[in-house]
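Novice: Here is my input, please return the structure:
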Amino acid sequence: MTRRLLGILRILLALLSLGSTLFAQKSVDLAISGGTVLTMNAGGEIIEDGYVAISRDRIVALGPRSKLEKEFRPLRTISANAELVMPGLINTHTHVPMSLFRGIANDRSLKDWLEHFIFPAEVKNVTADFVYWGTLLGDLEMIQSGITTFADMYYFEDQVARGTKQAGLRAVLGETWLDFPAPDNKTFDAMVAYTERFLKQYQGDSLITPAVAPHAPFTVSPDHLMAAKSLADRFHAPLLIHVAETKHEEDDIMARYHATPVQHLKNIGFLESSVVAAHCVWVDDRDIATLKESNVGCAHNPSSNMMLASGVAPVTKLLQAGVDVGLGTDGPAGSNNDFNLFEEIDLASKLQKITQMDPKALPAVQSVKMATLGGARVLKMDKDIGSLEAGKKADLIIIDLNHANEIPLYDYYAALAYSIKGCDVDTSIIDGRIVMRHRHVLTLNEEQIFQKAREFRAKILASLNNKN
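Specialist: Modelled structure (predicted):
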């Protein structure tokens with residue numbers, strides 16, 4: 001009888017101890033347990049056998065699993081053993097709905113591509129419905145390749161926002177302005193009114209940052225550029241613009257305004273706002289100093305600049321001067337053709353090496369940083385995203401390291417830059433929400449999107465064959 005009572009007492013004590021432990025643990029929504037955590041924080045901390053605790057949309061804590069798993073009681077745990085946990089990639093420049101024009105016109109100069117193929121095709125085909133389904137197709141590809149945030153410039157941007165919210169991605173979305181009729185707005189006044197409605201609709205949204213996107217200094221007059229700046233300033237919104245992409249643009253702006261594209265924008269006061277400048281290829285030392293002084297972020301698009309033979313941006317000079325530089329895929333309609341930011345990481349480093357004839361130029365760690373924390377700085381979002389740190393948004397990806405192209409692995413940054421591919425991303429978490437698990441995107445209907453894309457292809461081909 002005494003033994004039986006002692007046994008019962010031991011069980012009760014064990015239950016009390018367990019209850020005490022559970023009571024002491026902090027409840028969180030999600031934990032990523034195990035694997036290697038590549039934080040991309042200021043100290044470059046890498047945590048082997050790590051642990052990331054997430055509550056709602058924020059990272060609560062991260063550190064060694066042996067320590068933190070005792071402190072937290074997650075509602076759900078994802079095991080990341082033999083995997084790499086890192087910040088989601090940030091695509092600082094693209095035109096997502098153009099996924100429906102993928103490959104429509106290749107091997108041409110930018111001027112020829114725009115004037116004879118893209119602008120005419122857009123006039124005949126771009127509608128709100130086109131933009132919505134093109135956005136879903138592009139968002140699907142971006143999620144599958146590890147992108148969690150992107151910056152977009154296109155038309156019907158409210159439809160880009162609609163699709164992106166559905167996909168669960170984070171985005172800075174700029175409504176494009178031109179000095180000629182666009183697919184969504186045929187007059188300048190209509191562009192202004194549409195953009196103002198868009199800015200009001202998404203101001204303060206948890207995922208969407210609305211922006212104003214005058215296309216470029218050579219397609220938008222100084223007066224209209226400053227009108228865009230005024231509207232953006234009124235709503236504390238970013239300005240997205242193409243700057244110094246080609247030699248033709250530089251020559252054109254120099255002939256018109258007797259200044260480089262960067263100096264022209266400075267002279268009219270455009271750079272006195274939060275500006276993201278796409279490309280920044282044809283910039284000299286004075287331009288670079290101006291970009292730094294004006295706190296302009298540059299979106300580097302290596303694939304696009306190579307494919308259109310636009311030139312090679314002086315990335316190492318920009319970085320050495322303290323200019324924030326991120327990576328972009330550009331649009332997928334002949335200036336790149338995909339949304340694979342891992343490819344941009346690879347090419348960014350290799351382009352600097354070959355043009356400078358220096359194998360040490362832009363090492364892997366720098367190009368990976370451009371795709372994460374650097375991109376966040378370009379978009380002025382580094383307080384919330386770009387690195388894995390307590391208090392920041394829970395935007396992260398998990399990469400499966402059990403593929404032939406990743407084994408053996410000696411250097412995480414080198415692997416990310418030169419061997420890991422977008423298709424190696426296993427899981428994506430954005431704003432604390434699991435949007436992809438084991439390569440299956442949970443927020444979108446893949447087959448439906450593919451079917452609609454094929455239907456649009458038939459319509460686009462018919463429109464191109466119709467010369468009227």
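Novice: Spit out the contact partners of Ile434.
Specialist: For Ile434, the contacting residues are 30, 78, 427-428, 442, by Cβ atoms under 8 Å, 6 or more residues apart in numbering. (C-beta placed from N, C-alpha, C; glycine too.)
Novice: Wait, Ala227 touches Asp189, no?
Specialist: No. If you go by Cβ atoms under 8 Å, Ala227 and Asp189 don't touch, sitting 10.2 Å apart.
Novice: A strand includes Gly334, no?
Specialist: No. Gly334 is assigned coil when assessed by DSSP: H, G, I helix; E, B strand; the rest coil, not a strand.
Novice: so how many other residues sit close to it?
Specialist: 24 (other Cβ atoms under 10 Å).
Novice: before we move on, what about the one 4 residues further on?
Specialist: Asp338 has 18 neighbours, counted by other Cβ under 10 Å.
Novice: who are the neighbours in contact with it?
Specialist: Contacts of Asp338 by Cβ under 8 Å, 6+ apart are 102, 141, 329, 332.
Novice: In three-state terms, label the third one for me.
Specialist: At Thr329 the chain is in coil, as set by three-state DSSP.
Novice: Count the residues that sit near the closest residue to Leu464 other than its chain neighbours.
Specialist: The shortest distance from Leu464 to any non-neighbouring residue, by Cβ to Cβ, 6 or more residues apart in numbering, is to Ala121 (6.6 Å). Using other Cβ under 10 Å, Ala121 has 19 other residues around it.
Novice: just to revisit the earlier point, so can I have a markdown table of the contacts of Asp338 showing distance to Met357, neighbour count and pLDDT?
Specialist: Output for these, formatted as a markdown table (distance: Cβ to Cβ, whole Å; neighbours: other Cβ atoms under 10 Å; pLDDT from 0 to 100):
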| residue | distance to Met357 | neighbour count | pLDDT |
| --- | --- | --- | --- |
| Arg102 | 34 | 19 | 93 |
| Glu141 | 35 | 21 | 98 |
| Thr329 | 27 | 32 | 98 |
| Pro332 | 31 | 27 | 92 |
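Novice: domains in this protein, as residue ranges please.
Specialist: 16-87+397-440, 89-378 (automatic domain parsing).
Novice: neighbour-wise, which of the contacts of Ile434 leads?
Specialist: Ser428 leads the contacts of Ile434 on contacts (other Cβ under 10 Å) with 29 neighbours.
Novice: bridging residues for it?
Specialist: Ile397, Met436 (DSSP bridges).
Novice: Could I get the full set of strands for the stretch 151-300 of the chain?
Specialist: For the stretch 151-300 of the chain, the strands defined by DSSP state E, counting those that start in this stretch occupy 170-177, 208-214, 239-243, 275-279, 297-300.
Novice: Among those, which comes closest to Thr135?
Specialist: strand 170-177 (9.5 Å; Cβ to Cβ).
Novice: residue ranges with poor pLDDT in the chain?
Specialist: Along the chain, the parts satisfying pLDDT under 70 run over 1-24, 467-468.
Novice: switch the cut-off to 50
Specialist: 16-22 (pLDDT under 50).
Novice: Let me see the contact set for Asp287.
Specialist: Asp287 touches 244, 260, 262-263, 280, counting by Cβ under 8 Å, 6+ apart.
Novice: Distance-wise, check Leu396 relative to Ile288.
Specialist: 33 Å (Cβ to Cβ, to the nearest Å).
Novice: what's the regular element (helix or strand) spanning Tyr413 packed up against?
Specialist: Element membership for Tyr413, per DSSP states H and E: helix 412-418. In terms of contacts (3 or more Cβ pairs under 8 Å, 6 or more residues apart in numbering; DSSP states H and E), helix 412-418 is packed against helix 341-356, helix 364-370.
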